[in-house]
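*Asks:* Prediction below, plus the sequence it came from.
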Amino acid sequence: MKNLSLYQNYQSTHILILFFLIGSFSLMVSCSNSLDSQAQKNKEIVKKSFEVVGDGDYEGMDAYIASNYIRHCQATPDLVIESLDAFKEFIRKDRETFPDQKLEVVMLVAEGDLVAFWGRYKVPQMNQMRAAFPPTYLVDLDFSGVHRLENGKVVETWVTWDNVTVLTQLGLYPPKPVE
């Protein structure tokens, strides 16, 4: 009789543990689905932001990039962008030098309010870029970074690429010897 009582307690405990595990798993799946849903929404916003920027759609940028947008880039440390208007001006100047841009998003990975990206920028240099860079060759460049989103818009970006690769493709690196 004592063994039967121990067995019933053992069985009750296992049933409670099983219900707890099933409930916990259901809660995790539910939370995971809503996180996955937000991550997917953030990736779509970033994908659209790349499309409007790549197309030079300045009005479209308003829908995906915040007015207080900030851009960080170690490849262009002297370029300060601390607003959407400043970013649009940067894109305008870039498109003057590189009018036939092809901007391809290769990969997006989202977590929380961040979306990491890997992309490709492919473009012929058609016009002069500052005094030192005459029109030369095709630029085919990989770039990567992270966008931070707030209220459904990109509010901050950290981006980087290899400047030596760009200069080499443009025929400007290594520098020509001084005569």
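*Replies:* Cool, got the structure. Residues are numbered from 1 along each chain as shown.
*Asks:* alpha carbons only for contacts and neighbour counts from here, please
*Replies:* Will do.
*Asks:* State the distance from Leu170 to Val139.
*Replies:* 7 Å (Cα to Cα, to the nearest Å).
*Asks:* And Met107, by the same measure?
*Replies:* For Met107, the distance to Val139 - Cα to Cα - is 20 Å.
*Asks:* same check, this time on Asn42
*Replies:* 29 Å.
*Asks:* do the same with Asp57
*Replies:* For Asp57, the distance to Val139 - Cα to Cα - is 22 Å.
*Asks:* Sheet partners, orientation included, of the lengthiest strand in the chain?
*Replies:* Longest strand in the chain, counting residues (DSSP state E): strand 138-150. As defined by DSSP bridges, the strand partners of strand 138-150 come to strand 114-124 (antiparallel), strand 153-161 (antiparallel).
*Asks:* Would you mind giving those strands as CSV with distance to Val46 and mean neighbour count added?
*Replies:* As requested, these are exported to CSV (distance: least, Cα to Cα, whole Å; neighbours: other Cα atoms under 10 Å):
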stretch, distance to Val46, mean neighbour count
strand 114-124, 7, 18
strand 153-161, 7, 20
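*Asks:* how about low-confidence regions in this structure?
*Replies:* Scanning the chain for pLDDT under 70 picks out 1-35, 124-137.
*Asks:* can we see that at 80?
*Replies:* Flagging of the chain using pLDDT under 80 yields the residue ranges 1-35, 97-100, 123-139, 166-167, 169-172, 175-176, 179.
*Asks:* ranges for the helices of it?
*Replies:* 2-55, 58-64, 84-97, 163-169 (DSSP state H).
*Asks:* Which strands or helices does the last one pack on?
*Replies:* To tie it back to what came earlier, the one meant is helix 163-169. Packing partners of helix 163-169 (3 or more Cα pairs under 8 Å, 6 or more residues apart in numbering; DSSP states H and E): strand 138-150.
*Asks:* Centre of the chain to the strand it packs on, how far?
*Replies:* Here strand 138-150 shows a centroid-to-chain-centroid distance of 6 Å under the convention Cα atoms, centre = their mean, to the nearest Å.
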